[in-house]
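# Take this sequence and fold it.
(chains A and B)
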Amino acid sequence: IVMTQSPLSLPVTPGEPASISCRSSQSLLHSNGYSYLHWYMQKPGQSPQVLIYLGSNRASGVPDRFSGSGSGTDFTLKIRRVEAEDVGVYYCMQALQLPLTFGGGTTVEIK
Amino acid sequence: EVKLVESGGSLVQPGGSLKLSCAASGFTFSGSAMHWVRQASGKGLEWVGRIKNRGNDYATAYAASTKGRFTISRDDSKNMVYLQMNSLKTEDTAVYYCTRHLIVGAMDWFDPWGQGTLVTVSS
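Numbers count the residues shown, from 1 in each chain, chains lettered A, B, ... in the order given. The predicted model follows:
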């Protein structure tokens, strides 16, 4: 399954919203009703960390300014009001089937 | 604290072998499937492979790019997972992360991730 993210780079003013799109080459919707799409964030110099799982579920400890939506093949990660600590690379990942595959990443930077 | 710590990365010549280790703590390791993911410098994330738990017969699966060269194993008595890499190529140069596949009913996610260990394949 090929994962395509856009944009590649996203300059954002602090306090402004941000949105990242992720599209999969085939539906990630399982018969159980879940879409097996996760969002991970990688801060500079750090390892990835989970933000959103199964399309819209915020992981423990993740601020509520992050939200995920979508189903099937089209997904969106939104940051309601970007803060300086949100700088990093955001990846979507499909977990429906092996091999697990990732989007190319979106770099969020502060203007 | 739930934690994963990788080790074993180093400089190795093309065609050589290397074994990476990942030490787990703070959770029931024996019940968890474990994955390896790598990241070449300045590049994105690439799944390497996984090993399931004892209840799933320690089933392994690999990316096409590593199949036949890499082997994942685990020692539940030591809370360790390993990545044996043989016939290394320059394109295997990357930071290698281990991560736990957390499954709760039909829901799943990958958390935590280790800090990574750097493998450099070069002559």
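
# use CA for all of it now, contacts and neighbours both
OK.

# excluding its backbone neighbours, what's nearest A:Ile1?
Ranked by CA to CA, 6 or more residues apart in numbering or on different chains and with sequence neighbours excluded, the top spatial neighbour of A:Ile1 is A:Ser25, at 5.6 Å.

# burial of the one you found, as a residue count?
Burial of A:Ser25 is recorded as 12 neighbouring residues (other CA atoms under 10 Å in any protein chain shown).

# ditto for B:Ser10
Neighbours of B:Ser10 using other CA under 10 Å come to 14.

# That one and chain A, how far apart?
Separation of B:Ser10 from chain A (CA to the nearest CA, to the nearest Å) stands at 18 Å.

# Leaving out sequence neighbours, find the closest residue to that residue.
Counting by CA to CA, 6+ apart, B:Ser10 lies nearest to B:Val119, which is 5.1 Å off, once chain neighbours are set aside.

# In which helix or strand does the spatially most central residue of chain A reside?
For chain A, the residue nearest the mean C-alpha position is A:Trp39 (3.4 Å; CA atoms, centre = their mean). Element membership of A:Trp39 [criterion: DSSP states H and E] is strand A:37-42.

# which residues does the residue nearest to B:Tyr58 when sequence neighbours are not counted contact?
Nearest residue to B:Tyr58, sequence neighbours excluded (CA to CA, 6+ apart): B:Lys52, at 4.7 Å. Residues near B:Lys52 by CA atoms under 8 Å, 6 or more residues apart in numbering or on different chains: B:Ser32, B:Ala33, B:Met34, B:Tyr58, B:Ala59, B:Thr60.

# ok so, going back, please name every helix or strand in contact with the helix or strand containing the residue nearest to B:Ser10.
Using DSSP H and E, B:Val119 sits in strand B:117-121. The contact analysis (3 or more CA pairs under 8 Å, 6 or more residues apart in numbering or on different chains; DSSP states H and E) places strand B:117-121 against strand B:11-12, strand B:94-104.

# quick one, what contacts the residue nearest to the centre of chain A?
Taking CA under 8 Å, 6+ apart as the test, what A:Trp39 contacts is A:Val50, A:Leu51, A:Ile52, A:Tyr53, A:Gly55, A:Leu77, A:Tyr90, A:Tyr91, A:Cys92, A:Met93.

# Local confidence estimate at the first one?
Per-residue confidence (pLDDT) for A:Val50: 97.

# The closest residue to it other than its chain neighbours: how many residues sit nearby?
Nearest residue to A:Val50 in three dimensions, chain neighbours excluded: A:Tyr40, at 4.5 Å (CA to CA, 6+ apart). By the criterion of other CA under 10 Å, A:Tyr40 has 22 neighbours.
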